[in-house]
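Peer 1: give the three-dimensional model of this entry:
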Amino acid sequence: METILIVDDEKNYPPVIGAILKEEGYETLAANSGPEALEILKNSDVDLVLTDMKMPGMGGIELMERIQALDPELPVIMMTAYGTVEKAVEAMEKGAFSYILKPFDNDRMILYAKKACALYRVIKENRRLKSDMAHRYGFGNIIGKSKAMRQVFEMIEKVATTAATILIEGESGTGKELVARSIHFNSPRREEPFIAVNCSALAETLLESELFGHERGAFTGAVSMKKGRFELADKGTLFLDEIGELSANLQVKLLRVLQEKCFERVGGTKPIPVDIRFVAATNKRLKEETASGRFREDLFFRLNVIAIVIPPLRERREDIPLLVDHFVQKYASERKTGTPITGIDPEVGRLFYDYAWPGNVRELENVIERAVILCPSNRIRTADLPTEIRNRADQADFFDAIPENAKLEETLDLIECKMIGRALRRCHNVQSDAADLLGIGKSVMSKKVKKHGL
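Peer 2: So this is what the prediction gives:
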């Protein structure tokens, strides 16, 4: 049960608000001044502070600043009967989660409270995960707590100690090379070389020489013998990135190396035996490439002994806060001038969660690096973000997008159907997990799934 601290110098307000929130399943605490609220915070676990802005002595904004010194991420919602645009802007700029005017609509207050508590729930979970990440999820720089990523970690643990060939599939920027390196460094070959080759970066003739090496005089410019990546990776791991771009000719030659465990250098005739653990990666669906004749079926089966699929970031949005925290710390530590970066504004977190991230984790990291460089204060703001992300903050409110002649029941049904469908996708069609995500019971979820034919 989450706890909300209600702070208001008008003594009748906390009990009334408390009664409303208790009906929603929250535990509430009350204070009639800023100092009293701070004393409660020192001795109680609180998930949200709902405070009046105008109070004698310590006002709401000063209280919020004192709260931020104790816990910078504890959400604070301001309420006031003296609301102006300037006050609202001041409160939000200083880190308030939201701002509501008295007298306020109960449903709106409950909605804000639910959103704030949900955000802080994720923050607390991230804190807990950071403490044991090295033990449970510690595979280099791979960050994630979602179900999909936990499955990836479990697969790495299972296959790392074997000699099996691995095929890693996933969109560009999802971290396929990080997974390959994790497999290598958690394997008995960890002391041996990890050699990476991007199959799409070189022309066919250059790639063949890069992989197989060449003898002196094999072609114009081959003035001396050169060992290829196969030899350099002997006893270790060879990572073939973008394997789907390999030409038909090189596919045949790679297949022979996989089968025979030996090869000849370009221009040579002497077989060279090698002991290599092969890990391949692709942003294409190799099964479809095989069906269309663009990739050899026999090579596909040789590579696809163990398949690991890395989900795109849009399908594991619960990992975004954890990734953001990791990248902020990483690049903030490299910042030599200006105010130290301590985190991101709540609105930035909401924009990150809503954005589709076509470039996946790589794009998120680039956005954070850029924001840390440009940020003039101690927290990353929407103004520090690229235009394509920042523009989401300027989009019309969802309510304004609903036609004025829309029928209430039809509109609510449509929204309900889309929300349930999205929750099911995020939870990999596990209804109980989707029900928890939406805050409804399992039986209610089951009925609604049937209702909408999902």
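Peer 1: who does the closest residue in space to A91 that isn't next to it in sequence form a beta bridge with?
Peer 2: Nearest residue to A91 in three dimensions, chain neighbours excluded: M78, at 4.6 Å (C-beta to C-beta, 6 or more residues apart in numbering). Where C-beta positions appear, they are placed from N, C-alpha and C, glycine not excepted. Counting by DSSP bridges, M78 is bridged to T51, Y99.
Peer 1: isn't M78 right up against M53?
Peer 2: Yes: in this structure M78 lies within contact range of M53 using C-beta atoms under 8 Å: 5.0 Å.
Peer 1: so what's the residue nearest to A91 up against?
Peer 2: Contacts for M78 were tallied using C-beta atoms under 8 Å, 6 or more residues apart in numbering; they are 51-53, 60-61, 64, 91, 96, 98-100.
Peer 1: strands along the stretch 51-200 of the chain, start to end?
Peer 2: Counting by DSSP state E, counting those that start in this stretch, one finds strands in the stretch 51-200 of the chain at the ranges 76-80, 98-101, 166-169, 194-198.
Peer 1: would you list those in JSON lines and tack on mean pLDDT and distance to A406?
Peer 2: Formatted as JSON lines, those follow (pLDDT from 0 to 100; distance: least, C-beta to C-beta, whole Å):
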{"stretch": "strand 76-80", "mean pLDDT": "89", "distance to A406": "30"}
{"stretch": "strand 98-101", "mean pLDDT": "85", "distance to A406": "26"}
{"stretch": "strand 166-169", "mean pLDDT": "96", "distance to A406": "42"}
{"stretch": "strand 194-198", "mean pLDDT": "94", "distance to A406": "51"}
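Peer 1: sorry, back to before: of the contacts of M78, closest to V328?
Peer 2: Nearest to V328 among the contacts of M78, counting by C-beta to C-beta, is A96 at 20.3 Å.
Peer 1: the residue nearest to A91 and I100: what is the separation?
Peer 2: Going from M78 to I100 by C-beta to C-beta, to the nearest Å gives 7 Å.
Peer 1: so what's in contact with M78 and M53 at the same time?
Peer 2: Counting by C-beta under 8 Å, 6+ apart, the residues touching both M78 and M53 are 60-61, 91.
Peer 1: out of those, who has the most neighbours?
Peer 2: G60 (27 neighbours; other C-beta atoms under 10 Å).
Peer 1: and the closest residue to that residue other than its chain neighbours, what does it touch?
Peer 2: Leaving aside its sequence neighbours, G60 sits nearest to M53 (C-beta to C-beta, 6+ apart; 3.7 Å). Residues near M53 by C-beta under 8 Å, 6+ apart: 59-61, 78-80, 82, 87, 91.
Peer 1: for M53, what are phi and psi?
Peer 2: Here is the backbone geometry of M53 (degrees, to the nearest 10): phi -80, psi -40.
Peer 1: which helix in the protein has the most residues?
Peer 2: What stands out as the longest helix in the chain, according to DSSP state H, is helix 106-136.
Peer 1: what does the average pLDDT come to for that helix?
Peer 2: When pLDDT is averaged over helix 106-136, the result is 77.
Peer 1: which other helices and strands does it contact?
Peer 2: When contacts are defined as 3 or more C-beta pairs under 8 Å, 6 or more residues apart in numbering; DSSP states H and E, helix 106-136 packs onto helix 13-23, strand 48-52, strand 76-80, strand 98-101, helix 320-332.
Peer 1: repeat the analysis, applying 6 Å as the threshold.
Peer 2: Using 3 or more C-beta pairs under 6 Å, 6 or more residues apart in numbering; DSSP states H and E, the elements in contact with helix 106-136 are helix 320-332.
Peer 1: return the helix it packs on as PDB; C-alpha atoms alone will do.
Peer 2: Written as PDB, here are the backbone C-alpha positions of helix 320-332 (Å, rounded to 0.1, in the frame of the first residue of the first chain):
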ATOM      1  CA  ILE A 320      13.700   3.300 -19.900                       C
ATOM      2  CA  PRO A 321      14.000   4.800 -16.400                       C
ATOM      3  CA  LEU A 322      16.800   2.400 -15.600                       C
ATOM      4  CA  LEU A 323      18.600   3.100 -18.800                       C
ATOM      5  CA  VAL A 324      18.200   6.900 -18.400                       C
ATOM      6  CA  ASP A 325      19.600   6.700 -14.900                       C
ATOM      7  CA  HIS A 326      22.600   4.700 -16.200                       C
ATOM      8  CA  PHE A 327      23.400   7.000 -19.100                       C
ATOM      9  CA  VAL A 328      22.900  10.200 -17.000                       C
ATOM     10  CA  GLN A 329      25.400   8.900 -14.400                       C
ATOM     11  CA  LYS A 330      27.800   7.800 -17.200                       C
ATOM     12  CA  TYR A 331      27.900  11.100 -19.000                       C
ATOM     13  CA  ALA A 332      27.500  13.400 -16.000                       C
END
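Peer 1: so what's the gap between it and the chain middle?
Peer 2: 10 Å (C-alpha atoms, centre = their mean, to the nearest Å).
Peer 1: relative to helix 106-136, how tilted is that helix?
Peer 2: Helix 320-332 and helix 106-136 are oriented at 60 degrees to each other (axes from the mean of the first three to the mean of the last three C-alpha atoms, to 10 degrees).
Peer 1: ok, residues contacting helix 320-332?
Peer 2: Under the criterion C-beta atoms under 6 Å, 6 or more residues apart in numbering, residues 122, 126, 143, 341, 352-353, 364-365, 368-369, 372 lie in contact with helix 320-332.
Peer 1: what do you get if the cut-off is 8 Å, keeping everything else the same?
Peer 2: 122-123, 126, 129-130, 141, 143-145, 313, 340-344, 349, 352-353, 361, 364-365, 368-369, 372-373, 380.
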